[in-house]
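> Sequence plus the predicted model coming up.
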Amino acid sequence: MDRRTMIKGASATVGLGLGMAMSARSYARIKGANDRLSVAIVGVNGRGQAHMGAFTKVPNVEITHFCDVDSAVLAKRAGEFTARGNPAPKTEGDYRRLFDNKAVDVITIATPDHWHAKLAVDAMKSGHHVYCEKPIGIAPAEGEAMIAVQKSTRRILQVGNQQRSSPETRQLLALVQAGELGDVYEAQTWYANDRKTIGKGHVTTPPANLNWDMWQGPRPRAPYRSNLVPYNWHWFWQYGTGELCNNAMHELDVARWLMGLTYPKTVSAQGAKRFHAGDDWEMYDALALDLNYENDRVIRWNGQSCNAMLTYGRGRGVLLLGTKGSAVVDRNGFELYDLAGKSIRQVMAKATSETTGTVGEGILDVYHAGNFVDVIRGRASALNSPIAEGHISTTLCHLGNMAYRTNSVLTVDQATGKPSSAEAMKLWSVAYEPGWEVRA
């Protein structure tokens, strides 16, 4: 495939419209610009399935490797991938052997949260470009390390906030910036699901197919529990970051992006509670978060993990309130309203994306992967979700968790995102298993 065909194919197949004019000489300086990119997916049990679907749809890209610490999952996903007509991927249980492979161009990360920063840092240091799922880490210090390593290695690092690649959300951004809604003073965001109780687990021997030591990776060692893997780790502070980093990050990212905001003045978390009492879930399953900014602007999040009552007919989304009108936006389009609440315009996505499922697969993954690949090839000038932006949005969620865990209203340095509370700052970084530290 020559350059002209590749660019034409990318535009037609993916619909990104992200190409940029380049001279032949400048294009030639990009190593492998016309070569097929080799992609390795690390973590294939959940969100990694969406990575498989997305990167197989991006032109001139081949998924060549799967990596997972569960040998049964690894074999299952490789078999499914091959059965869909794709070349059989090579499988690996230890990411370190994979990162030594210089034939691999791109590492995508879809592991549990406690692995994200370690894998991203090690991948960039070994010369790979990285597509990393949100949240970028389990503490803000990990985001700071990722920013530093990205700057020193100059690798391309895309954060998996895929709605930033939505044509419809980007269209709404242009309308907001043009003053369509007037002064946008508030964003209300939400997430609703009907998660069931995780019950009472017990310490037991890990299943033979799971490398428990490798699963824990950077975190201090602890015994295996029967109700922890594959998904419930989200609700344990040792490995997870709660519904804020798991889901609120998407909507908080969209809200602050559309409003042109970064770090707030204050952060408060109210009404936090675990309603499914008596199980091992360590966190809230319902929480109301307020991020207060200059000029009385505010971003709010209402999370309901165990009650799937919809808001504006949606399981998740963002409502913008402005002095001239309002807008509701989610992954599949937006709707504009006048000040009387009358709908005046609706824009729906031509193809849809999943909203509240655990895999979350859809067309936005394809757009986001395509933007990432275009930047690697030099056909796009900027990532839609670079690490600097991903760090701010992730930190907003960490600040919410800090406010919840310290039971306090946090005052925040708007330049750095750091809270003034000494108690909250104890959560700015985490402890690591010796030899597994995340270092810039």
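Happy to help now that I have it. All figures in this text were calculated on a predicted structure; none of them were measured in a lab.
> Okay, and the nearest residue to residue 424 once chain neighbours are set aside sits in which element?
Among residues not flanking residue 424 along the chain, residue 402 sits closest, at 4.2 Å (Cβ to Cβ, 6 or more residues apart in numbering). For glycine as for every other residue, the C-beta is placed from the backbone atoms N, C-alpha and C. If you go by DSSP states H and E, residue 402 is part of helix 387-406.
> Would you quantify the distance from the residue nearest to residue 424 to residue 430?
13 Å (Cβ to Cβ, to the nearest Å).
> Of those two, give the one with the bigger neighbour count.
residue 402 (25 against 20; other Cβ atoms under 10 Å).
> ok, now how distant is the more buried one from residue 92?
Residue 402 is 36 Å from residue 92, by Cβ to Cβ.
> One more: residue 436?
18 Å.
> neighbour-wise, which of those two wins?
Counted by other Cβ under 10 Å, residue 436 and residue 92 do not tie: residue 92 has more neighbours, with 18 against 13.
> so the more buried one bridges to which residues?
residue 67 (DSSP bridges).
> you'd agree it is up against residue 99?
No. With contact defined as Cβ atoms under 8 Å, residue 92 does not reach residue 99; the gap is 9.7 Å.
> contacts for the strand or helix carrying residue 174?
Assigned by DSSP H and E, residue 174 falls within helix 167-177. Identification of contacts with helix 167-177 by Cβ atoms under 8 Å, 6 or more residues apart in numbering yields 15, 17, 163-164, 181, 184, 254, 257-260, 320, 322, 327, 329, 332-334, 336, 347-349, 367.
> Give me the buried entries from the residues you listed.
163-164, 181, 184, 254, 257-259, 320, 322, 327, 329, 332-334, 336, 347, 349, 367 (16 or more other Cβ atoms under 10 Å).
> Strands - which of those land there?
184, 320, 322, 327, 329, 333-334, 336, 347 (DSSP state E).
> from those residues, which is closest to residue 418?
residue 184 (26.3 Å; Cβ to Cβ).
> Is that closest one in contact with residue 256, as I believe?
No. Counting by Cβ under 8 Å, residue 184 stays clear of residue 256, with 11.0 Å between them.
> which residues touch residue 252?
189, 291, 299, 301, 393, 396-397.
> Is it possible to get those out as JSON lines so that each row also shows pLDDT?
As requested, the contacts of residue 252 are exported to JSON lines (pLDDT from 0 to 100):
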{"residue": "189", "pLDDT": "98"}
{"residue": "291", "pLDDT": "98"}
{"residue": "299", "pLDDT": "98"}
{"residue": "301", "pLDDT": "98"}
{"residue": "393", "pLDDT": "98"}
{"residue": "396", "pLDDT": "98"}
{"residue": "397", "pLDDT": "98"}
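> wait, which of these is closest to residue 73?
residue 397 (27.1 Å).
> helix or strand for residue 49, which one?
Using DSSP H and E, residue 49 falls in helix 48-55.
> so what secondary structure elements neighbour that helix?
strand 37-42, strand 61-67, helix 71-83, strand 106-109, helix 363-377 (3 or more Cβ pairs under 8 Å, 6 or more residues apart in numbering; DSSP states H and E).
> please redo it, this time with the cut-off set to 6 Å
Packing partners of helix 48-55 (3 or more Cβ pairs under 6 Å, 6 or more residues apart in numbering; DSSP states H and E): strand 37-42, helix 363-377.
> CA atoms only: put stretch 89-99 into CSV for me.
Taking Å, rounded to 0.1, in the frame of the first residue of the first chain, the C-alpha atoms of stretch 89-99 are listed here in CSV:
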residue,chain,number,x,y,z
PRO,A,89,-1.3,-13.7,17.6
LYS,A,90,1.8,-14.7,19.5
THR,A,91,1.0,-15.1,23.2
GLU,A,92,3.1,-14.0,26.2
GLY,A,93,2.6,-14.2,29.9
ASP,A,94,5.4,-11.9,31.0
TYR,A,95,5.3,-8.3,29.6
ARG,A,96,9.0,-7.9,30.0
ARG,A,97,9.8,-10.5,27.3
LEU,A,98,7.3,-8.7,25.1
PHE,A,99,8.9,-5.3,25.6
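> residues in contact with it?
40, 42, 63-67, 74, 78, 122-123, 126 (Cβ atoms under 6 Å, 6 or more residues apart in numbering).
> any chance of these in JSON lines, plus distance to residue 409, pLDDT and neighbour count?
Output for the contacts of stretch 89-99, formatted as JSON lines (distance: Cβ to Cβ, whole Å; pLDDT from 0 to 100; neighbours: other Cβ atoms under 10 Å):
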{"residue": "40", "distance to residue 409": "44", "pLDDT": "98", "neighbour count": "25"}
{"residue": "42", "distance to residue 409": "38", "pLDDT": "98", "neighbour count": "27"}
{"residue": "63", "distance to residue 409": "46", "pLDDT": "98", "neighbour count": "21"}
{"residue": "64", "distance to residue 409": "49", "pLDDT": "98", "neighbour count": "20"}
{"residue": "65", "distance to residue 409": "46", "pLDDT": "98", "neighbour count": "19"}
{"residue": "66", "distance to residue 409": "45", "pLDDT": "98", "neighbour count": "25"}
{"residue": "67", "distance to residue 409": "42", "pLDDT": "98", "neighbour count": "27"}
{"residue": "74", "distance to residue 409": "45", "pLDDT": "98", "neighbour count": "20"}
{"residue": "78", "distance to residue 409": "49", "pLDDT": "98", "neighbour count": "19"}
{"residue": "122", "distance to residue 409": "37", "pLDDT": "98", "neighbour count": "18"}
{"residue": "123", "distance to residue 409": "38", "pLDDT": "98", "neighbour count": "28"}
{"residue": "126", "distance to residue 409": "42", "pLDDT": "98", "neighbour count": "18"}
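> Understood, closing this out.
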